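Trainee: let's see this in three dimensions:
(4 chains)
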Protein chains: 2
Amino acid sequence: MATIGDVARVAGVSRSTASYALSGKRAISLEVRERVDSAVRELGYTPNAGARALATSQTHVLGLLVQFLEDEFAPAMLQYMLGISNVARELGYDILMVTDPDGARALERITDSRMVDGVILLNVADDDVRLPVLRSSGRPGALVGLPGDCTGLDVFDLDFAEAGRVMVDRLADLGHREIVLVSQPEHVVERGGAYVWRLRDAALAQASVRGVELHEVYGESQQPAVSRSLNAVLDAFPAATGLLLHNEAAAVALPAVLRARGLSSPHDLSVIGRYSDEFARTFALPFSSIDSAPDRLGRMAVRQVVRRIENPKLHEPHVVRFIPPELVERGSSAPVRPV
Amino acid sequence: MATIGDVARVAGVSRSTASYALSGKRAISLEVRERVDSAVRELGYTPNAGARALATSQTHVLGLLVQFLEDEFAPAMLQYMLGISNVARELGYDILMVTDPDGARALERITDSRMVDGVILLNVADDDVRLPVLRSSGRPGALVGLPGDCTGLDVFDLDFAEAGRVMVDRLADLGHREIVLVSQPEHVVERGGAYVWRLRDAALAQASVRGVELHEVYGESQQPAVSRSLNAVLDAFPAATGLLLHNEAAAVALPAVLRARGLSSPHDLSVIGRYSDEFARTFALPFSSIDSAPDRLGRMAVRQVVRRIENPKLHEPHVVRFIPPELVERGSSAPVRPV
DNA sequence: CGTAATCTTCGAACCGGTTCGACGATGAGC
DNA sequence: GCTCATCGTCGAACCGGTTCGAAGATTACG
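Mentor: Numbering: from 1, shown residues only, chains lettered A, B, ... in the order given. Reported below is the predicted structural model:
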């Protein structure tokens, strides 16, 4: 393959001149610039990424650390990944996708070997083992998901506490007095899925403020357990008139469960979920939901990392940004029926 | 960060000796090797990937080209991606994930700039515009999906023709005489989704051999069109006793459609789908299905690309390998009932 | 004991870019 | 006509590895 030396030779200039002609970092005569450009076209020259990375210490690659955990609903993660990949490309970066179950080791590997200029962490746990590695790596990194300790990190997440309040308020406003919150599996919480308890605690507090009885149960993430657990919930709380679903798998399973029991929403049960719009469309979910906005969060995270990469001197304070929950209306909540 | 020069200095040897001590490509005395190793530990040395790539012309990165098309069911694609990423890591490779809608340009970019040692193409169309780029890049590449022209390419795919025959045979053996095949949307076929017509043509041929009347219709990929079209099919062919689903969205939608019509499978209708086991589990699909085996296909593709990368001299002929369809039994087919 | 073979290590070149300092040519100002 | 900037270009060094050829030390062998 052609090197910049070949280009220089064909254009009849030195390597450095060819380099400056291409980068525009020094003034070059129009004539030489044109000779270089045409040599580039003639030879089909493309710079060697490794050589450039060596010379500039910049790879123009972002590491994307995802973990696909047993009890998580994988399709929901895909939304984040796609958003991130697309924004990165817009900004001129490629994505190194890392799915290694040992995220800390993988992160150390790609930063120490300088394969990436920065990283995005998905699936962040409250006490995430990747965070110390990220901090000591010295590379820019952004998280999608709020850990317990954010010092030195840029963090973006949905305001899950506010989401919990919005969900409760909506049903309380409609007169519901007994509702059930189906969370993620207990596993997810134990592993440090802080978003689960952030939403739950706020929902419980708001329910108490609003005089609503809120039952909180763990859901499941895989069939057939999901449907079984939904049925168990409906059996256990026959007087409940509202259902909050903080669990994608449960949201996907609920329509069939309701139909099988001869129930319909919102007639028999008001339901509000928490998932992305895209997710709702893919699975034809008929429930109103708090938009988890994976594309927006991914976009924010990438922009921030790229800002830091491209302005290394700029020592802006780190940000922790919550996006306010938005309730996407799909008509699955209604005033409670008089008994 | 520490370089191999630092390691050499601390160990009191030359850079080349340090390099050989680490790579083991030349005999090095035990004593020196130990001094180098301890210097590495002391300094926390990790080789610079860019420098190594420059020196060896190997990046140990594989490009993964995915396209997320409007009318394709994205979650199905995720299975392939994960399988590929995991196998790649086992073999010591990282994955550069490329989702650029202009796949041909993106492929040219990452190969010309030598960011990757090889590539895997997903979502391959019959006349895929990425194939000429791949061929002229000279890099190893494997496809998951069969294009019209396979010359110079390693191709892995499910044997969709055999899958069509197996589906038809199964129902024919059970005495069904009129069945319907729901394919992917017409769009997908027009865009070159060859697997659709490979399965269909074989199914039609086998139906004719077996004396079965096979109606073939295009399905939809998004709600609510999917359910509407399924209802239309059931209305149009009231005498059909079997249904073949070559369409993930239809498979996800069918249980609700059946229940709404008061039908059940296999009592009223024998159903056979084509999707992965993981997919069936995620959506609790109750239908027997031909396993699309995304993990196996991904694994085969990665192994082949890595083989070619690591044995560049080895000019093995290119392979086109079909994996035989396996019918995963979920009890959704039964002998046709006497009228 | 001399010489050849083997083992271990080193120096230098190379991979393909970028960037700094310098140098000759040109033009402006006095 | 001379000095001083400015402009355009070049050579050389550098980024951090790998690898080839050679050289010195050691051992084996006749």
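
Trainee: show me which residues of chain A sit near DNA strand D.
Mentor: Chain A comes close to DNA strand D at residues A:12-17, A:20, A:26-29, A:31-32, A:51, A:54-55, A:57, as judged by C-beta under 7 Å from any atom of the strand. Yep, even glycine has a C-beta here, placed from its N, CA and C like the rest.

Trainee: switch the cut-off to 10 Å
Mentor: Selection of chain A residues close to DNA strand D by C-beta under 10 Å from any atom of the strand yields A:8, A:11-21, A:25-33, A:35-36, A:50-57, A:112-114.

Trainee: any quick PyMOL command for the buried ones out of those residues?
Mentor: In PyMOL, this line selects whichever of the residues of chain A next to DNA strand D come out buried by 16 or more other C-beta atoms under 10 Å in any protein chain shown:
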select buried, chain A and resi 8+11+13+17+18+19+20+21+28+32+33+35+36+50+51+52+53+54+112+113+114
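
Trainee: check the residues of chain A next to DNA strand D against DNA strand C, which are close?
Mentor: Checking those against DNA strand C (C-beta under 10 Å from any atom of the strand), the matches are A:8, A:14-21, A:25-26, A:50-57.

Trainee: need phi/psi at the closest residue to DNA strand D within the stretch 151-300 of chain A.
Mentor: Distances between the stretch 151-300 of chain A and DNA strand D by C-beta to the nearest atom of the strand are smallest at residue A:152, namely 23.8 Å. Backbone torsions of residue A:152, given as degrees, to the nearest 10, read phi 70, psi 20.

Trainee: does it touch residue A:136 like I think?
Mentor: No: Residue A:152 is beyond contact range of residue A:136, at 9.9 Å (criterion: C-beta atoms under 8 Å).

Trainee: which residue ranges of the stretch 151-300 of chain A form strands?
Mentor: A:154-158, A:178-183, A:213-218, A:242-245, A:270-274, A:288-290 (DSSP state E, counting those that start in this stretch).

Trainee: now the ones you listed as TSV including mean pLDDT and mean neighbour count?
Mentor: Shown next, in TSV, are the strands of the stretch 151-300 of chain A (pLDDT from 0 to 100; neighbours: other C-beta atoms under 10 Å in any protein chain shown):
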stretch	mean pLDDT	mean neighbour count
strand A:154-158	97	23
strand A:178-183	96	23
strand A:213-218	96	17
strand A:242-245	97	28
strand A:270-274	97	27
strand A:288-290	97	25
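
Trainee: distance to residue B:286 added to these, as TSV?
Mentor: Below are the strands of the stretch 151-300 of chain A laid out as TSV (distance: least, C-beta to C-beta, whole Å):
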stretch	distance to residue B:286
strand A:154-158	34
strand A:178-183	23
strand A:213-218	25
strand A:242-245	22
strand A:270-274	24
strand A:288-290	26
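
Trainee: turn these into JSON lines, including distance to DNA strand C.
Mentor: Output for the strands of the stretch 151-300 of chain A, formatted as JSON lines (distance: least, C-beta to the nearest atom of the strand, whole Å):
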{"stretch": "strand A:154-158", "distance to DNA strand C": "26"}
{"stretch": "strand A:178-183", "distance to DNA strand C": "51"}
{"stretch": "strand A:213-218", "distance to DNA strand C": "54"}
{"stretch": "strand A:242-245", "distance to DNA strand C": "51"}
{"stretch": "strand A:270-274", "distance to DNA strand C": "46"}
{"stretch": "strand A:288-290", "distance to DNA strand C": "46"}
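
Trainee: out of those strands, flag the one nearest residue A:303.
Mentor: In terms of C-beta to C-beta, the element of these nearest to residue A:303 is strand A:154-158, at 9.8 Å.

Trainee: quick check: angle from that closest one to strand A:270-274?
Mentor: If you take axes from the mean of the first three to the mean of the last three C-alpha atoms, to 10 degrees, strand A:154-158 sits at 160 degrees to strand A:270-274.

Trainee: for the host helix or strand of residue A:9, packing partners?
Mentor: According to DSSP states H and E, residue A:9 maps onto helix A:4-11. Contacts defined by 3 or more C-beta pairs under 8 Å, 6 or more residues apart in numbering or on different chains; DSSP states H and E place helix A:4-11 against helix A:15-23, helix A:30-43.

Trainee: pull the contacting residues for residue A:58.
Mentor: By C-beta atoms under 8 Å, 6 or more residues apart in numbering or on different chains, the contact set of residue A:58 is A:52, A:117, A:309.

Trainee: try 6 Å
Mentor: residue A:117 (C-beta atoms under 6 Å, 6 or more residues apart in numbering or on different chains).

Trainee: swap in the one 10 residues further on?
Mentor: Under the criterion of C-beta under 6 Å, 6+ apart, the contact partners of residue A:68 comprise residue A:74.

Trainee: all helices of chain A, in order?
Mentor: A:4-11, A:15-23, A:30-43, A:49-56, A:74-90, A:103-112, A:130-137, A:160-173, A:186-190, A:194-210, A:225-236, A:248-260, A:277-282, A:294-310 (DSSP state H).

Trainee: buried set for the fifth one?
Mentor: So the one you mean is helix A:74-90. Of the residues in helix A:74-90, A:74-89 count as buried by neighbour count, 16+ other C-beta under 10 Å.

Trainee: could you list the contact residues of chain A toward DNA strand C?
Mentor: A:1-8, A:14-26, A:45-58.

Trainee: at 6 Å what do you get?
Mentor: Chain A has residues A:3-4, A:15-16, A:19-20, A:22-23, A:25, A:47-48, A:51-52, A:54-56 near DNA strand C, with proximity defined as C-beta under 6 Å from any atom of the strand.

Trainee: from these, which is closest to residue A:94?
Mentor: residue A:52 (13.1 Å).

Trainee: next one: residue A:188 from residue A:73, what distance?
Mentor: Applying C-beta to C-beta, to the nearest Å, the value for residue A:188 to residue A:73 is 10 Å.

Trainee: how about the contacts made by residue A:163?
Mentor: Each residue near residue A:163 by C-beta under 6 Å, 6+ apart is listed here: A:199, A:290, A:325.

Trainee: switch the cut-off to 10 Å
Mentor: By C-beta atoms under 10 Å, 6 or more residues apart in numbering or on different chains, the contact set of residue A:163 is A:195, A:198-199, A:202-203, A:244, A:246, A:272, A:274, A:289-292, A:322, A:324-327.

Trainee: do residue A:151 as well
Mentor: Listed by C-beta under 10 Å, 6+ apart, the contact set of residue A:151 reads A:131, A:135, A:318, A:320.

Trainee: give me the number of residues near residue A:305?
Mentor: By the measure other C-beta atoms under 10 Å in any protein chain shown, the count of residues near residue A:305 is 26.

Trainee: for the closest residue to it other than its chain neighbours, give me the pLDDT.
Mentor: Leaving aside its sequence neighbours, residue A:305 sits nearest to residue A:118 (C-beta to C-beta, 6 or more residues apart in numbering or on different chains; 4.1 Å). pLDDT for residue A:118: 98.

Trainee: tell me the confidence at the closest residue to DNA strand C within the stretch 101-250 of chain A?
Mentor: Proximity of the stretch 101-250 of chain A to DNA strand C (C-beta to the nearest atom of the strand) peaks at residue A:114, 13.3 Å away. pLDDT, residue A:114: 97.
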